[in-house]
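> only geometry, no sequence info:
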């Protein structure tokens, strides 16, 4: 490898990073090009922490021996249990503790192996190992994402040549920067979807961030909350409240998402969601499918929590359909991507009627009129009611109790 080869590979990494290539594409292309110009790479791994409610970070792997393995590994917390022990016995942890930038471990038959995971690499025919850390400045960190880790292995007899080590020291920083850019884009997508919902998040990332920009849509509106939550929060131990909210929110949100709905707001124990479809009947069908899935999840959840002697509750649900404005509302400094309009107020009032009619689900007459005929056959009237803050009285419906 000469200077021209190094410059060409670095240029390729920069170009692909600016083009928005994924971490796996960057890793595969980088390693393949290094191998083509004579760097004796057998395996490579890059690792970067992330900002995600489940995963601590992601590892991207490459190898040249044709053995199939997952190119991406998402890992959980490394501060507890066996994962913590493995992390503290790793070359990367040693680098961080000693304040260095790299660590080379020869893996020849007579070489001492300082880290347990390197023994298996030697048994698999690897002869040399180089671990590197590219650190970020404080202003460049997000959460625990403060560096890019990488490790490089060779099976060449005698290990890495000095020229290969020198080339990696010049090239890996460019790769680390490109991977950081790709990971930041992924983090942005994760955050907006987690906090705004998938559809709203995608709209925000596509540039729909101007205040007052909203689209008029017709959608099924879902508003649910927990029965007796105020009483539970007043009487249950304080450390039970958050687990209770999480358990029931997980049941509600999962049911909505699996049926194609979009969760727009979590308001304490309340959930506002929409089901969009060009076919109004299909949107109604999807909402009813979500309700059925939620009912089953609640049965399992309440049985488990009862066995654990923990408080249980039910979900009250209102379903309505109507025109709403879907977009950005707020100030210049703080925007909310949500739905507004009389139908939103109306669905919350419909949900509040659950306790009055002693049913867990109440549906508007507009929803029933739009629902498919097969589903309408399972709905029964609970009477005509004047809703607080709504100008017109209307007939409300529920699912036939004989079917539940």
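Perfect, thanks for sending it. Bear in mind that the values here come from a model prediction, so they are computed numbers and not experimental data.

> please count neighbours and contacts with C-alpha atoms only from this point.
Will do.

> could you list every helix and strand that the helix or strand of the chain with the lowest mean pLDDT packs against?
Using mean pLDDT, DSSP states H and E, helix 198-205 stands out as the lowest-scoring helix or strand of the chain, at a mean of 82. Other helices and strands packing on helix 198-205, by 3 or more CA pairs under 8 Å, 6 or more residues apart in numbering; DSSP states H and E, are helix 162-196, strand 262-267.

> 10 Å instead?
Helix 198-205 is packed against helix 162-196, strand 262-267, strand 315-330, strand 335-340, with contacts defined by 3 or more CA pairs under 10 Å, 6 or more residues apart in numbering; DSSP states H and E.

> average pLDDT for the next helix or strand after that helix, rounded please.
Using DSSP states H and E, the helix or strand that follows helix 198-205 in sequence is strand 214-226. In this model, strand 214-226 has a mean pLDDT of 94.

> and the angle from strand 214-226 to strand 262-267?
60 degrees (axes from the mean of the first three to the mean of the last three CA atoms, to 10 degrees).

> in strand 214-226, which residues are buried?
Of all the residues in strand 214-226, those buried under the rule 16 or more other CA atoms under 10 Å are 214, 218, 219, 220, 221, 222, 223, 224, 225, 226.

> ok, now which ones touch the second one?
Going back to what we said before, that points to residue 218. 274-280, 283, 321-326, 343 (CA atoms under 10 Å, 6 or more residues apart in numbering).

> if we go to 8 Å?
Residues near residue 218 by CA atoms under 8 Å, 6 or more residues apart in numbering: 276, 321, 322, 323, 324.

> and for the last one?
Listed by CA under 8 Å, 6+ apart, the contact partners of residue 226 are 269, 270, 313, 314, 315, 316.

> now with 6 Å?
269, 314, 315, 316 (CA atoms under 6 Å, 6 or more residues apart in numbering).

> is it in a bridge, and if so with what?
Under DSSP bridges, the beta-bridge partners of residue 226 are residue 315.

> tell me how far it lies from residue 154.
Residue 226 sits 58 Å away from residue 154, going by CA to CA, to the nearest Å.

> compute the inter-axis angle for the least confident helix or strand of the chain and helix 162-196.
Using the same axes, to 10 degrees: helix 198-205 against helix 162-196 is 120 degrees.

> list the contacts of helix 198-205.
When contacts are defined by CA under 6 Å, 6+ apart, helix 198-205 is touched by residues 192, 193.

> and it with strand 315-330, angle?
Using the same axes, to 10 degrees: helix 198-205 against strand 315-330 is 10 degrees.

> what comes up buried for helix 198-205?
Buried residues in helix 198-205 (16+ other CA under 10 Å): 198, 200, 201, 203, 204.

> and which of the residues you listed is nearest residue 249?
residue 198 (16.6 Å; CA to CA).

> the closest one and residue 189, how far apart?
Residue 198 sits 9 Å away from residue 189, going by CA to CA.

> got it, and residue 243?
To residue 189, residue 243 is 26 Å away according to CA to CA.

> what does residue 132 give?
In terms of CA to CA, residue 132 sits 28 Å off from residue 189.
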